[in-house]
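S.K.: got a sequence here, can you build the structure:
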Amino acid sequence: MTSNIDKNPSQEELNTLISYYQSQNYGEAERLALILKRNFPSHPLSLKILSSIFHKKGKINEALDLYNNLLKLTPYDHEIHFNLGNLLKSIGELVKAEQSYKKAIELKPSFKEVFCNLGIVEYELGKLEESETNLSKAIELSFDFLEAHFHLGNVLRSQGRLKDAEKSFIRAISFKPDYIEAFNNLGLTLKDQGKFEEAIQVYKKALEIKPDYIGAEMNIEKIIQNIVPAWHINMMNDDLRNKAFLDAIKLAVNEDTLVFEIGTGSGLLSMMAIESGAKKVVTCESVKTIADNALKIINKNGYQKKIKIVNKKSTDVKIGRDIPCKADLLIAEILSSEFVGEGIKKSILDANQRLLKENGKVIPQSGCIKIALLGDTEEIKKSIYVNNSTGFDLSLFNSISQRKFTLKLKEKPKILSDAVDAFTFDLENLKNYSVEEKSIRLQANQDGLCLGLIQWIKLKLYDEIEYENTPYKVNSHWGTPIYVFDKPVELKKGQFIDIKGFLADDSLWFSKVN
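M.R.: Reported below is the predicted structural model:
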């Protein structure tokens, strides 16, 4: 060992220390560095390595003391400022870390890593523009700096610049094809843009790289729930609805019928049409995941030669490209519990004008939104109000609760008036549509406490084939919308309640006139 009277450690000692550190033998490196620190308290290399080891081992206070001593010995060493910035960043001292990184840049303007880390700190401080500038500078100094591309993607995503963020994550992955974090954030960015199928493919790629990546599985499930809502299963299992459509289709088609369907779903109605004798069905589905699966279902059932699936919105379907000519029959089961809500008016109007022959037929031909006064039952009250729970008065929560609910009723509701047709739709002859607002008067047919309105739909599918999901009487996949009054009203038989109804392009609202 070199004696204390020498000013510096021997080159052999320094080489040994560096070898221990680089081989991650931090125990021996710390032991030797402490000896050199005692023997050569002013030699910076042993202090730099020792401070780094302390940082790695979580000895934060010891590391900070060493960095501060180092800066007294070598105040112009950019690496010390950089390492101090990393330590401060790791303990959440972001403002001080920012200052250390800026000092490192001042001492060495070409230090790409410090630009990157400064950008990360500024991002965490909410300084998005400054962060973008510094991350971009890091990339300018080294285009293949994958960490800078990744963090720049985060900054751009936070700014809502999703297409630019997407490009940054893709660049990061191009330099590191197994960069799981970049795959994850790319998937989130695609999802934010509504590119659900692309996002799923990104997460599946991440799972190929890391099969136990639970985050990718969770994100795929969230997207599937978004693009394939659970009501699809209930709808396919709605035997009454399915039979009504099958009966209507049987009446509407013959061996020369070309059918155009909006909303393929599982392909069920298209297969019904072919089975009922239709010549050909062209069906469109805007969600690729659903369209691809419907194709498999149709192939499995042996109808692939007569059913064509177009992965487009109906409004983008073109005559001569997607469908050979105008259709004889339009099928459009794109109905919600409120009748509107899935773009039925816009889609059918467009199809009537462009894709359906003159005097062509439509299923459903017409329909209406029915409403009635709703009385109080225990099931309804527990679904729309809160009063007391376990001895506590929670009733004030009602003041901030919604006024519209869609319920799946298990018990018979109490209906206090005859049902009326609030809004009607002639879908077969739809020429235009506009916002409708109307006054509706309902008369109580019995005494009772009125909580609001209950609503359901009625369809004329084709000729005499009708379907009505009367609450409780019909086990329907569609829910039962409830519109709650601001305050319940005690009614006497024969008393009138005035209602204001509002039907927009694709939404519905009812309220009591005070």
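
S.K.: how is this protein carved up into domains?
M.R.: 11-227, 231-333, 367-512 (automatic domain parsing).

S.K.: redo the ones you listed as a markdown table? Include distance to Asn359.
M.R.: Placement of C-beta: from N, CA and C, glycine included. Output for the domains of the chain, formatted as a markdown table (distance: least, Cβ to Cβ, whole Å):
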| stretch | distance to Asn359 |
| --- | --- |
| domain 11-227 | 36 |
| domain 231-333 | 9 |
| domain 367-512 | 10 |
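
S.K.: can you list the weak-confidence ranges in the chain?
M.R.: Low-confidence segments of the chain (pLDDT under 70): 1-6.

S.K.: give me that answer again for 50
M.R.: 1-5 (pLDDT under 50).

S.K.: among the domains of the chain, which comes closest to Val340?
M.R.: Closest to Val340 of these, according to Cβ to Cβ: domain 367-512, at 5.2 Å.

S.K.: hey, which strand is longest across this structure?
M.R.: Longest strand in the chain, counting residues (DSSP state E): strand 448-462.

S.K.: now do that one: which elements does it pack against?
M.R.: On a contact count with 3 or more Cβ pairs under 8 Å, 6 or more residues apart in numbering; DSSP states H and E, strand 448-462 meets helix 239-252, strand 356-363, strand 366-375, helix 378-384, strand 465-468, strand 480-491, strand 508-512.

S.K.: and the domains of the chain: which comes nearest Lys357?
M.R.: Closest to Lys357 of the domains of the chain, according to Cβ to Cβ: domain 231-333, at 4.5 Å.

S.K.: quickly list what Asp498 is bridged to.
M.R.: Judged by DSSP bridges, the bridge partners of Asp498 are Arg441.

S.K.: quick check: it touching Leu453?
M.R.: No - the pair Asp498 / Leu453 is not scored as a contact, 11.9 Å apart, by Cβ atoms under 8 Å.

S.K.: more crowded one of those two?
M.R.: Between Asp498 and Leu453, counting by other Cβ atoms under 10 Å, Leu453 is the more crowded of the two (25 against 11).

S.K.: please name the residues that touch the nearest residue to the more buried one once chain neighbours are set aside.
M.R.: In space, and not counting its chain neighbours, Leu453 is closest to Tyr483: 4.3 Å by Cβ to Cβ, 6 or more residues apart in numbering. By Cβ atoms under 8 Å, 6 or more residues apart in numbering, the contact list for Tyr483 reads Arg403, Lys404, Gly452, Leu453, Gln455, Trp509, Phe510, Ser511.

S.K.: so can I have CSV of the residues you listed showing distance to Ser90?
M.R.: Converted to CSV, those look like this (distance: Cβ to Cβ, whole Å):
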residue, distance to Ser90
Arg403, 50
Lys404, 49
Gly452, 56
Leu453, 59
Gln455, 57
Trp509, 53
Phe510, 57
Ser511, 56
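
S.K.: filter the residues you listed down to the buried ones.
M.R.: Lys404, Gly452, Leu453, Gln455, Phe510, Ser511 (16 or more other Cβ atoms under 10 Å).

S.K.: quick one, the longest strand of the chain and strand 356-363 angle?
M.R.: Interaxial angle of strand 448-462 relative to strand 356-363 (axes from the mean of the first three to the mean of the last three Cα atoms, to 10 degrees): 130 degrees.

S.K.: pairing partners for strand 448-462, with directions?
M.R.: Strand pairing for strand 448-462, using DSSP bridges, gives strand 366-375 (antiparallel), strand 465-468 (antiparallel), strand 480-491 (antiparallel).

S.K.: in three-state terms, label Phe397 for me.
M.R.: Per DSSP: H, G, I helix; E, B strand; the rest coil, the local secondary structure of Phe397 is helix.

S.K.: neighbours of it, just the number please.
M.R.: For Phe397, using other Cβ under 10 Å, the count is 11.

S.K.: Leu449 versus that one, what's the distance?
M.R.: 20 Å (Cβ to Cβ, to the nearest Å).

S.K.: and Thr406, that's in a helix?
M.R.: No - using three-state DSSP, the secondary structure at Thr406 is strand, not a helix.

S.K.: Glu285 versus that one, what's the distance?
M.R.: In terms of Cβ to Cβ, Thr406 sits 24 Å off from Glu285.

S.K.: so the two - more neighbours on which side?
M.R.: Neighbours were counted for Thr406 and for Glu285 using other Cβ under 10 Å; Glu285 has more, 25 against 13.

S.K.: report how many residues lie close to Asn429.
M.R.: So Asn429, with other Cβ under 10 Å, has 9 neighbours.

S.K.: same deal with Lys318?
M.R.: Counted with other Cβ under 10 Å, Lys318 comes out at 11.

S.K.: need phi/psi at it.
M.R.: phi -120, psi 140 (degrees, to the nearest 10).

S.K.: gap between it and Glu261?
M.R.: In terms of Cβ to Cβ, Lys318 sits 16 Å off from Glu261.

S.K.: same thing with Val202?
M.R.: For Val202, the distance to Glu261 equals 31 Å [Cβ to Cβ].

S.K.: so between those two, which is more surrounded?
M.R.: Using other Cβ under 10 Å, the more surrounded residue of Val202 and Glu261 is Glu261, with 29 against 26.

S.K.: if the more buried one is in a bridge, with which residues?
M.R.: Thr283, Ile331.

S.K.: check whether it really touches Cys284, as I assumed.
M.R.: Yes - between Glu261 and Cys284 there is a contact at 7.2 Å, judged by Cβ under 8 Å.

S.K.: list the buried residues for stretch 61-78?
M.R.: Taking 16+ other Cβ under 10 Å as the criterion, stretch 61-78 shows Ala63, Leu64, Leu66, Tyr67, Asn69, Leu70, Leu71, Asp77, His78 as buried.

S.K.: give me the subset of those lying in helices.
M.R.: In helices, judged by DSSP state H, the following of these are found: Ala63, Leu64, Leu66, Tyr67, Asn69, Leu70, Leu71, His78.

S.K.: for stretch 342-361, the distance to its chain's centre please.
M.R.: Centroid separation for stretch 342-361 versus its chain: 30 Å, with Cα atoms, centre = their mean, to the nearest Å.

S.K.: in it, which residues are buried?
M.R.: Buried, per 16+ other Cβ under 10 Å, within stretch 342-361: 342-352, 355-356, 360-361.

S.K.: next: stretch 380-388.
M.R.: Ile380, Ile384, Tyr385.

S.K.: check contacts around Phe405.
M.R.: Contacts for Phe405 (Cβ under 8 Å, 6+ apart) come out as Ser383, Ile384, Pro481, Ile482, Val484.
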